[in-house]
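Engineer: 3D model of this:
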Amino acid sequence: MNISKSLRGIMTAVGIVAAGLLATTQAHATTLNDIISRGKVRIGVLTGAPPMGMVDEKGNPAGYDVDVANLIAGYLSLPVELVPLTPPSRIPALQTGKVDFLVATLAPTGERAKTVMFTQPYSAFNMDIISGPDQKFTQLSDLQGKRVAVNRGSSQETALRKAAVPGLEIVVYEDDSTSAQALIAGQTDAAAVPSTVGEAIIKQRPDAGLQVGFTFFQQGNSMATKIDDFELRQWLNTSIYLMKVSGDLDKISVKWTGRPMAQLPSF
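Structural biologist: So this is what the prediction gives:
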């Protein structure tokens, strides 16, 4: 009898713990109703990567991602709080609840997918190697023994490390703009940056004589939610579809890059 009571007590305790864990998991997910009830949507956007994300002369977020974020807020009929983020701070800001989701030029990767959920891509660009006026690189093997600037935790950093070019030294900076500035200052031989960033900097600094060497992969960029925000992710996927078929993504791409939207990968 005492044993039966003990077993019932243990089973009850286990049930309470399991129910608590389930409630915690369910409470952790952000829903559309949560955002609507709050009365505003908080969207993380990238800075330091013009024209995708930057700060304008008035100190406000601007760029491709900001226009997409504002469009999403319009679909929700809510005011938007844009939260400027550096590349390394994007996922931590999402995980800690500082933002509801990211529209922050984030490439979906297997490693990142362990901690966040990705939508279908909403933008894409080539990843280029750019250099100064005195040397031009046309293939990965040309980077042997060279110093190449990348932004911390980026897809280009991962790709260059996997390439394992002999003697290549990867120099890490906080964002793409700082990587390009390091190249201009002669601190590195090249920089690995999105084509949109490289083109913008070449246009802004014609005196630097920067030149595009070669493209080593195309990057698709997705929005991201917390790992268990299934409802929110599905709503964002629907919104991306609507932005595509309405032509709104094309208009934003032409505004910021001078070209129609690239052919977007899907998964």
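Engineer: can you map out the helices along this protein?
Structural biologist: Along the chain, counting by DSSP state H, helices occupy 2-28, 32-38, 64-76, 90-95, 155-163, 176-184, 195-204, 230-246, 248-257.
Engineer: where does the chain dip in pLDDT?
Structural biologist: 1-28 (pLDDT under 70).
Engineer: next one: the residue most central in space within it from L143, what distance?
Structural biologist: The residue lying closest to the centre of the chain (CA atoms, centre = their mean) is L106, at 1.7 Å. From L106 over to L143 the distance is 25 Å, taken as CB to CB, to the nearest Å. In this view, the C-beta of every residue, glycine as well, is placed from N, C-alpha and C.
Engineer: kindly report the same for I170.
Structural biologist: 10 Å.
Engineer: when those two are compared, which one has more neighbours?
Structural biologist: It is L143, of I170 and L143, that has more neighbours when counted by other CB atoms under 10 Å, with 25 against 18.
Engineer: does the more buried one touch K136 like I think?
Structural biologist: No. Look at L143 against K136 with CB atoms under 8 Å: they stay out of range, at 11.7 Å.
Engineer: returning to what we had before: excluding chain neighbours, what is closest to the residue nearest to the centre of the chain?
Structural biologist: A224 (5.5 Å; CB to CB, 6 or more residues apart in numbering).
Engineer: could you do T215 as well?
Structural biologist: N126 (4.3 Å).
Engineer: list the contacts for D56?
Structural biologist: A62 (CB atoms under 8 Å, 6 or more residues apart in numbering).
Engineer: P61 too?
Structural biologist: Listed by CB under 8 Å, 6+ apart, the contact partners of P61 are 45, 47, 53-55, 82, 84.
Engineer: just to revisit the earlier point, pipe the helices of the chain into a markdown table and attach distance to P265 and mean neighbour count per row.
Structural biologist: A markdown table is the format used below for these (distance: least, CB to CB, whole Å; neighbours: other CB atoms under 10 Å):
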| stretch | distance to P265 | mean neighbour count |
| --- | --- | --- |
| helix 2-28 | 30 | 10 |
| helix 32-38 | 26 | 13 |
| helix 64-76 | 17 | 21 |
| helix 90-95 | 20 | 19 |
| helix 155-163 | 13 | 17 |
| helix 176-184 | 21 | 22 |
| helix 195-204 | 16 | 20 |
| helix 230-246 | 13 | 16 |
| helix 248-257 | 14 | 18 |
